[in-house]
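Student: Everything below, folded, please.
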Amino acid sequence: MAGILFIISAPSGSGKSTLVSELRKQVSGVEFAVSWTTRAPRGSEEHGREYYFTSREEFQRMIDAGVFLEHAEVFGNFYGTARQSLEEARSQGYDLLLDIDVQGAAQVRAKTPEAVSIFIMPPNPRVLRTRLRNRSRAEGVVVEEEVYRRLSEASKEIENYREYGYILVNDILDRAVAQLEAIVLAERFYRNGETIAYRSRRVLEVAAACLQFNSQERLKPVLEAFGIIGTSGQQQLKFEEESDDD
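Tutor: Got it, this is the predicted structure:
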């Protein structure tokens, strides 16, 4: 049985890694493609677990050798997914999760249009700013310029949401995990005929509600908050940047 390729993208600090980790605890047969990066490890990160860490020179050599399925430069560092990850998952019949940014996702969709794409959004700039600060504190330093740079970049990334088949708003963790699980199970059901037992109807309903074309009303306040649509969002984003309630 052929495995399914899932592309998951989100602005930095949206909780993507937590969602993927929780999903893999609850759903078997899902492999995670460990990406390569030129950035330094953060906190307790280990080589080969969160990322494969390498130098820019070695990363460029890998690009030239055609090692990567996709690669991109993000916040001054290179990230890439090796083709071997996809080949190994397919040979073993596993589903594969790619945790990649919008640049890399566009490359993968062009090469594998059958991939399932999922975009994860934070509910608003205030929540995202708090998450970014908390992550920075956990790493031992908070650089306000970096926090606001990532906030600004988040709006640009969110503008790409229409390129994704499914949209999740990560405001309540348990709900977002359940939605991500439903998407994986529903895609297995539709593509491979895999049963979902007694929960089948509810699972399919939850997944369908996350389809991009079914999510417009739920997304409207998020898009406004990040200034993507309307003017109220621009005003709120300005307020978020000027206020400091920490």
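Student: which residues touch L86?
Tutor: For L86, the set of contacting residues under the criterion of Cβ atoms under 8 Å, 6 or more residues apart in numbering consists of L5, A33, L69, L96, T112. (Each C-beta comes from the backbone N, C-alpha and C, glycine too.)
Student: switch the cut-off to 7 Å
Tutor: L86 makes contact with L5, L69, L96 under the criterion Cβ atoms under 7 Å, 6 or more residues apart in numbering.
Student: in the protein, which ranges drop under the pLDDT threshold?
Tutor: 1-2, 139-140, 142, 197-199, 231-246 (pLDDT under 70).
Student: let's see 80
Tutor: Counting by pLDDT under 80, the chain has low-confidence residues at 1-2, 43, 136, 138-143, 195-200, 230-246.
Student: which residues of this structure fall in helices?
Tutor: Under the criterion DSSP state H, the chain carries helices at the ranges 16-26, 56-64, 83-92, 102-111, 125-138, 144-158, 173-192, 200-209, 216-225, 232-242.
Student: Let me see the contact set for G29.
Tutor: If a contact means Cβ under 7 Å, 6+ apart, then G29 has Y94, D95 as its contacts.
Student: Now it: phi and psi?
Tutor: phi 80, psi 20 (degrees, to the nearest 10).
Student: and the gap between the closest residue in space to A138 that isn't next to it in sequence and A72?
Tutor: Nearest-residue entry for A138: G43, 6.1 Å, with adjacent residues in sequence omitted and distances by Cβ to Cβ, 6 or more residues apart in numbering. Counting by Cβ to Cβ, to the nearest Å, the separation of G43 from A72 is 23 Å.
Student: Compare these two and say which is more crowded by neighbours.
Tutor: The residue with more neighbours, out of G43 and A72, is A72; 18 against 9, by other Cβ atoms under 10 Å.
Student: Quick check: the gap between the residue nearest to the more buried one when sequence neighbours are not counted and M121.
Tutor: Setting aside the residues directly before and after it, A72 is nearest to Q103 in space (Cβ to Cβ, 6+ apart), at 3.7 Å. As judged by Cβ to Cβ, Q103 and M121 stand 17 Å apart.
Student: same thing with W36?
Tutor: The value you get for W36 to M121, if Cβ to Cβ is used, is 26 Å.
Student: And for the nearest residue to R56 once chain neighbours are set aside, the neighbour number?
Tutor: Nearest residue to R56 in three dimensions, chain neighbours excluded: T38, at 4.8 Å (Cβ to Cβ, 6+ apart). Residue crowding around T38 was assessed by other Cβ under 10 Å; the count is 19.
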